[in-house]
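Trainee: sequence and predicted model, in that order:
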Amino acid sequence: MTIDPEIRASASTNPLAPEPPKSGGVMRSSAIFSGLTLISRFVGFARDIAINAVLGASVGPAADAYNTALSFPNLFRRIFAEGAFAAAFVPAYAKKLRLDGEAAADKVATDAIAMIAVSTLILTLAAQLAMPWLMAVINIGFLDDPVRYNLAVILTQITMPYLPCMAIAALLSGVLNARGRFIVSGAYPILMNVIMLIAVLTSRGGPEAAAYAVSWGVLISGVAQAGLCFWAVRKVGANIRFRMPRLSPEVKAIIITAVPAVIGNSATQINVFLSGNLASFVEGGRSWLATADRLYQLPLGLVGVAIGIALLPKLSSAIAAEDRAQQQASMDEALVLAMALTLPAATAILAMPYFLIDGLFTRGAFLEVDALNTAQILFQFGWGVPAFILIRILAPAFFARQDTKSPMKYALVAVAVNAVLALSLFLMGAGVQGIAAATSAAAWVNAGLLALTLWRRDHYRPAATAIRRMARILVASLVMGAMLVVAASSRAMIEVPIDGLLGRGGKEIALIGVTGVGGLVYLILLFVTRAVTIGEVKGLIRRERKA
C-alpha cells in the first residue's frame, strides 16, 4: 500500500473529540477538507501515472523496490502516528483547550509531540540499521533476486525518516483542527504528491535513477509537510515547541487511550505485511497490488473525510446528551450519504476495471500485461469497497460510547480471516488477485460483526426510510453499472472515432467521457428514484449559507 496522507483526516477528527470551535459551520469544514483532498488525489493520480510510466511494474526491479520503500514507513505510521496516537491526542487536546485554555492545551501538545517525535525517530534509526535483515522478512520473495533486494533495502532506508516527519505533521494538524483551522491541515498532503511528481519528471538515467529520485522526494516532502504544519500552528498563536520528551500525566493518559487502537491498527497492518510478502514472490506483484490499491482507495479517502468531518461528531454529541433521535438520525444520514458516494464507485470498479487501469496507467514502461494483472486485482478490491466504508461508519458508534475493545476484537478476527484466505488462495494458484479477494472478504466480516453487535445492543438499526433510500441508490448504481459494462465491451468502437479526430490519446478521452456520462446518469437516477430530492439539496445549501 502507498503512503496515504489523507488517512490523517479520519484520525484527526476522532468522534470522541469534543466539538471543535466553529469556523463557518461543520458542512463548510467538510467542504474544505473534501475539496482539498480531491485536489490531492488528482495530483496523486498524476504522480502515480508518471511514476508507473517511468518505473513500469514487471519490466525490472525498480518498481517493486520503490513500492516497498513507500509502504514500509507507512505501515508504522498507521500503527503509531496517525491511526492511534493522533486519535487519542486530538480529543485530549481539544478538551484541554476548552476547559483549561490555550496555554495548558499547548503544553500537552508540546509534550505529546516530543514523545511521538523521539519514539518514531528511535524506531526509524533501528529500522534503518536492521533493514538488510528486515527486508529478508518483509519480502521473502526478493531473496531470489539480489538486485531487487538490495535496491529495496537502500530505497527503504532513504524513505524511513518520513515516519517521524509525518507523525509530527499529524499531531500539528490535530492542533489546527481543534482550533477550528482546516485549510492547512487539509492542504499539506498535496505537498507530497507535488514534490514526488517533480522528482520523477526531472529524474534522468532510467527506472533505477527515477526510483532513487522519488524516494528522496518522499523524505523531502515529509520535512516540508512538518514544516508547513509547524508554521501554521505558530501562525494561529499556538505556543508549541520542540523539547526532550516528558511523560506527563496527560501524555500517559493519551498513551493508555491509544493502546487499543494500536492493537487494532497493528492487526490491520499484519494484513498489509502478509499481502506484500506474498506479492513479493511474483515479479511485479507488489507494483500491481499498489497500483490497484491507489485506485480503490480514492472513494475511501473522499468518503472518509466527508463523514469524519461533517457527520460523525454529531453522533458523539448525541450520545453524550442521551438523544436517541439524534443518534438515529446521525447514523442514518452517515449511512445513506456513504452509500450514495460509495456504491457507484464500487460499481464502476467492478464494471470496467481494465478500462480504468489501461486508460490511466498503460504507457511507457507500464505494459499491457501489467494493466491486465492490475485490473484483475482491482476487481477483487472493488466488491470490498462498501465494506471498507461501512467499517468507517460503524466503528465510531463504538468509539463514541468509549468502547474501543469491540472494534479491536473484530479487527483481530478480520486479520485471521484475511491471513487464512490470502495464504490459501495464493497457494491454490489465484496469485495476487487472491490476496485482494481475501482483503475484501475480511472487510465484510469486520463490517458484519460491527453491524450485528450494534443491532443486538440496540445501539443502531437502520430506519425503514434509510433502507428504502439505500435500495434506490443501489438501483441507480446498478443501472449505471450496466451502462458502463456496455461501454467497456464496446470500447474499441468508442475509441476509433476519437483517434481518427485527435490522433493518439483516444483511450484517455474515452475513459473521461464514459465516466463523465456514467456519473451524470447516476445523478439523474438519484433524483428520478427519489433517493435524493431537490428539496434536500436546497435545504443543504440553505443550511450552509446560514452557517
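Mentor: Sure, I can see it.
Trainee: now the element after the helix or strand encompassing residue 339, going C-ward?
Mentor: Using DSSP states H and E, residue 339 falls within helix 324-351. Counting by DSSP H and E, the next helix or strand C-terminal to helix 324-351 is helix 353-361.
Trainee: which residues does the helix or strand following that following helix contact?
Mentor: Next in sequence after helix 353-361, counting helices and strands by DSSP H and E, comes helix 368-382. Defining contact as C-beta atoms under 8 Å, 6 or more residues apart in numbering, one finds that helix 368-382 is touched by 56-58, 284, 287-289, 291-293, 295-296, 346, 349-350, 353-354, 356-358, 361-362, 431-437, 439-440. No exception for glycine: its C-beta is placed from N, CA and C like everyone else's.
Trainee: ok, longest helix in the chain?
Mentor: helix 102-138 (DSSP state H).
Trainee: can you tell me the average pLDDT over stretch 243-254?
Mentor: The average pLDDT within stretch 243-254 is 78.
Trainee: count of residues packed around residue 45?
Mentor: Residues lying near residue 45 (other C-beta atoms under 10 Å) number 16.
Trainee: quick one: it is in a strand?
Mentor: No - per DSSP: H, G, I helix; E, B strand; the rest coil, residue 45 lies outside any strand segment and is helix.
Trainee: for it, list the residues it contacts.
Mentor: Counted by C-beta under 8 Å, 6+ apart, residue 45 has contacts 294, 360.
Trainee: going forward, begin numbering at 56 instead of 1
Mentor: With the count now opening at 56, the last piece we talked about shows up as residue 100.
Trainee: returning to that earlier point: list the buried residues of the helix holding residue 394.
Mentor: 382-406 (16 or more other C-beta atoms under 10 Å).
Trainee: any idea which element the closest residue to residue 171 other than its chain neighbours lies in?
Mentor: Among residues not flanking residue 171 along the chain, residue 222 sits closest, at 4.8 Å (C-beta to C-beta, 6 or more residues apart in numbering). Here residue 222 sits within helix 217-233, counting by DSSP H and E.
Trainee: hey, where'd the strands end up in this protein?
Mentor: Counting by DSSP state E, the chain has no strands at all.
Trainee: any stretches of it with poor pLDDT?
Mentor: For the chain, the stretches with pLDDT under 70 are 56-89, 133-142, 237, 316, 319-323, 359-376, 457, 547-561, 588-602.
Trainee: any figure for the gap between the closest residue to residue 514 other than its chain neighbours and residue 508?
Mentor: Spatial nearest neighbour of residue 514, excluding adjacent residues (C-beta to C-beta, 6+ apart): residue 452 at 6.1 Å. Per C-beta to C-beta, to the nearest Å, residue 452 is found 9 Å from residue 508.
Trainee: when those two are compared, which one has more neighbours?
Mentor: Per other C-beta under 10 Å, whichever of residue 452 and residue 508 has more neighbours is residue 452, with 27 against 19.
Trainee: isn't the more buried one right up against residue 509?
Mentor: Yes - using C-beta atoms under 8 Å, residue 452 makes contact with residue 509 at a distance of 5.7 Å.
Trainee: intersection of neighbour lists for those two?
Mentor: Shared contacts of residue 452 and residue 509, counting by C-beta under 8 Å, 6+ apart, come down to residue 515.
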